[in-house]
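Chemist: Okay, structure incoming, though there's no sequence with it:
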């Protein structure tokens with residue numbers, strides 16, 4: 001059965017009416033969070049977070065990570081919400097898990113290099129603060145591979161990640177990038193440049 005144009009418009013209008021309160025609650029929840037009204041923010045954000053909204057999940061993670069007055073900090077709950085958002089590609093949540101995984105108390109956050117990789121690979125599509133965080137993660141991965149810290153040494157991967165960090169605007173990666181390049185053969189450099197061009201594409 002083919003729907004008429006009028007029926008389609010009516011259906012679209014009904015969808016907007018259903019979605020409008022959820023959108024309003026998200027906006028109000030964000031404002032409450034930014035004002036430090038965490039209990040109010042939780043009430044407003046929880047329905048959207050439970051339905052899979054990554055931004056709401058990230059904000060719940062932030063609330064339970066920080067804690068204030070009527071909402072106590074609960075690191076395990078913070079990590080759980082951050083994970084839900086991060087698995088959907090939320091860069092802020094990925095960065096928080098990257099940071100938490102570097103702390104001995106944050107073992108539940110998972111592997112630090114994995115969150116760094118996920119965020120760095122999004123770097124070319126990000127802007128502002130998120131892009132800077134992705135660049136920092138790319139530099140971290142470059143140093144990790146290039147120096148053989150925690151991972152087997154891989155100069156090709158190290159160079160590629162450091163090159164990505166530079167492309168994303170992290171000039172602090174330049175010295176490590178140049179030092180690594182000086183220690184590589186022409187064939188390794190060629191392979192590293194090819195890999196660098198594909199990262200995050």
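Modeler: That came through fine. On a predicted model such as this, the values are computed, not experimentally measured, just so you know.
Chemist: can you tell me how far the nearest residue to residue 93 once chain neighbours are set aside sits from residue 61?
Modeler: Spatial nearest neighbour of residue 93, chain neighbours left out: residue 85 (3.6 Å); criterion: C-beta to C-beta, 6 or more residues apart in numbering. C-beta: built from backbone N, CA, C; applies to glycine. Going from residue 85 to residue 61 by C-beta to C-beta, to the nearest Å gives 6 Å.
Chemist: can you list residues touching both of these two?
Modeler: Each of residue 93 lies in contact with both residue 85 and residue 61 under the rule C-beta atoms under 8 Å, 6 or more residues apart in numbering.
Chemist: Give me the neighbour count for the residue nearest to residue 93.
Modeler: 27 (other C-beta atoms under 10 Å).
Chemist: With residue 103 instead?
Modeler: Residue 103, neighbours per other C-beta under 10 Å, totals 11.
Chemist: How about residue 33?
Modeler: With other C-beta under 10 Å as criterion, residue 33 counts 21.
Chemist: Now it: closest residue in space, sequence neighbours ignored.
Modeler: residue 41 (4.1 Å).
Chemist: Could you do residue 155 as well?
Modeler: residue 184 (5.3 Å).
Chemist: Isn't that neighbour up against residue 160?
Modeler: No - with contact defined as C-beta atoms under 8 Å, residue 184 does not count as touching residue 160 (11.2 Å).
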